[in-house]
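In: Give the three-dimensional model of this entry:
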Amino acid sequence: MFSITETGKKIQILRKEANLTQMELANRLGISFQAVSNWERGVSMPDISNLGQLAEILSTTVDELIGDKTAVDIINGNPCSTDMSVEEFNAVSPLLLPEENRELLDRITNAGDSDTSSVNIASCAYSDEEFSNEMKSAYEKENPGKLHILAGYADRYADKNVVDEIICDAAKNGKTGIVTILCSKASDEAVQRCFDTAFSSGNIGMATILMQRIPKTLLATYAAKAAQNGNFAMTSILTAKISSGRKCRITISESDGDAPTEDGTKLMSVSRVRLKELQSRLCEIKSAWNREVGALTDLDGEAEDIRDEVCELFDETQDCVSELLGDIDGGTLIYNVA
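Out: Numbering: from 1, shown residues only. This is a model prediction of the structure:
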């Protein structure tokens with residue numbers, strides 16, 4: 001694998017073998033001796049335009065100086081293989097022009113199996129407008145790996161309107177993975193719109209991701225609405241997040257139904273058959289969610305916290321349903337929902 005440090009050591013050894021000082025080598029290349037010093041210490045790399053002349057002065061080849069076929073191919077303008085590692089990209093990127101690094105970044109992220117979380121995109125030198133356009137392009141080309149990388153820099157470079165546009169479209173099209181990546185980067189208004197979409201479509205996995213940024217007072221309203229509509233799964237997920245408020249009383253019975261109670265709470269009667277169906281459905285939802293979102297690794301801190309909390313909520317909800325099913329004679333569960 002290409003290494004700036006190893007290349008620097010080679011330059012130093014070959015310079016000394018050629019009986020040249022750093023100043024003498026610098027003069028022959030028309031650069032400062034500090035630049036040569038930086039090369040040898042592994043701080044920076046020679047510019048591509050200097051590599052050929054440097055190799056000639058040191059009686060070697062560019063291939064020998066770089067010491068990595070992939071890096072040499074990239075420098076020579078040849079396509080890289082899709083299995084190029086992130087470490088290799090980070091090492092070779094200082095040698096390339098910004099537009100070359102952007103193209104290379106596309107190839108790495110499109111490989112699909114690379115750990116892209118540590119990619120340093122500074123060498124791509126995006127302007128704010130270019131960065132936002134790259135995010136849109138990554139989304140439109142269905143390249144979540146690249147979008148994942150760019151999202152890590154979104155707070156610094158991206159146009160918030162572009163982030164909001166992407167996440168709202170992703171929510172509309174049921175792309176929970178994209179929503180997870182951008183949830184912590186979007187505006188409160190966009191998150192609210194996305195939650196409305198998830199709630200209306202019954203997308204529990206997406207709603208669970210988004211509700212981490214929804215005020216509990218508003219979640220209570222949604223939970224009450226879900227209870228009134230007989231959507232016990234959504235009610236369970238939402239109420240697990242809420243700590244105070246008006247009560248929703250759910251009673252196990254032989255048939256479904258609901259009726260008001262004297263204390264003004266909402267009574268929803270749920271049959272055991274329906275609870276068993278719910279238990280099965282929750283398992284399906286969690287499995288699907290794990291495939292699309294739970295498998296994501298190396299998220300930034302906030303996104304990782306959201307993912308972990310969602311996992312806990314799924315487990316709490318499943319435990320709750322299992323507990324209800326264990327009550328053979330029926331009973332009443334009181335949720336804080338509104």
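In: Helix or strand: which one has Tyr222?
Out: Using DSSP states H and E, Tyr222 falls within helix 216-228.
In: for Val163, that is, sorry about that
Out: helix 160-172.
In: by contact count, what packs against the next helix or strand after that helix?
Out: Using DSSP H and E, the next helix or strand after helix 160-172 towards the C-terminus is helix 176-182. Using 3 or more CB pairs under 8 Å, 6 or more residues apart in numbering; DSSP states H and E, the elements in contact with helix 176-182 are helix 144-151, helix 160-172, helix 204-210, helix 301-325. Where you see a C-beta, it was placed from the backbone N, CA and C, and this is true even at glycine.
In: Quick one: mean pLDDT for helix 176-182?
Out: Helix 176-182 shows a mean pLDDT of 91.
In: Would you mind identifying the next helix or strand past it?
Out: helix 188-201.
In: quick check: angle from that next one to helix 160-172?
Out: Per axes from the mean of the first three to the mean of the last three CA atoms, to 10 degrees, the angle that helix 188-201 makes with helix 160-172 is 10 degrees.
In: quick one: contacts of helix 188-201?
Out: Here helix 188-201 makes contact (CB atoms under 8 Å, 6 or more residues apart in numbering) with 163-164, 167-168, 170-172, 174, 179, 183, 186, 203-204, 206-207, 210-211, 213-214, 218, 222, 226, 234.
In: and Leu96, backbone torsions?
Out: Here is the backbone geometry of Leu96 (degrees, to the nearest 10): phi -110, psi 160.
In: pretty sure Pro94 contacts Ala122?
Out: No. Pro94 is not in contact with Ala122 according to CB atoms under 8 Å; the separation is 9.5 Å.
In: returning to that earlier point: and the helix holding Tyr222, what other elements does it pack with?
Out: Using 3+ CB pairs under 8 Å, 6+ apart as the test, helix 216-228 ends up in contact with helix 188-201, helix 232-239, strand 247-253, strand 266-271, strand 332-336.
In: ok, of those, where does mean pLDDT dip lowest?
Out: strand 332-336 (a mean of 40).
In: what's the following helix or strand after the strand or helix carrying Gln34?
Out: Element membership of Gln34 [criterion: DSSP H and E] is helix 33-40. On the C-terminal side of helix 33-40, the closest following helix or strand by DSSP H and E is helix 48-57.
In: Can I get stretch 157-170 in PDB, CA atoms only?
Out: Taking Å, rounded to 0.1, in the frame of the first residue of the first chain, the C-alpha atoms of stretch 157-170 are listed here in PDB:
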ATOM      1  CA  TYR A 157     -20.300  23.000   3.700                       C
ATOM      2  CA  ALA A 158     -23.800  22.000   2.600                       C
ATOM      3  CA  ASP A 159     -26.700  24.300   1.800                       C
ATOM      4  CA  LYS A 160     -29.400  23.400   4.400                       C
ATOM      5  CA  ASN A 161     -32.100  23.600   1.800                       C
ATOM      6  CA  VAL A 162     -30.400  20.900  -0.300                       C
ATOM      7  CA  VAL A 163     -30.100  18.600   2.700                       C
ATOM      8  CA  ASP A 164     -33.800  19.200   3.500                       C
ATOM      9  CA  GLU A 165     -34.800  18.600  -0.100                       C
ATOM     10  CA  ILE A 166     -32.900  15.200  -0.200                       C
ATOM     11  CA  ILE A 167     -34.300  13.900   3.100                       C
ATOM     12  CA  CYS A 168     -37.900  14.900   2.300                       C
ATOM     13  CA  ASP A 169     -37.700  13.100  -1.100                       C
ATOM     14  CA  ALA A 170     -36.100  10.100   0.600                       C
END
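In: Alright, that wraps it up for me.
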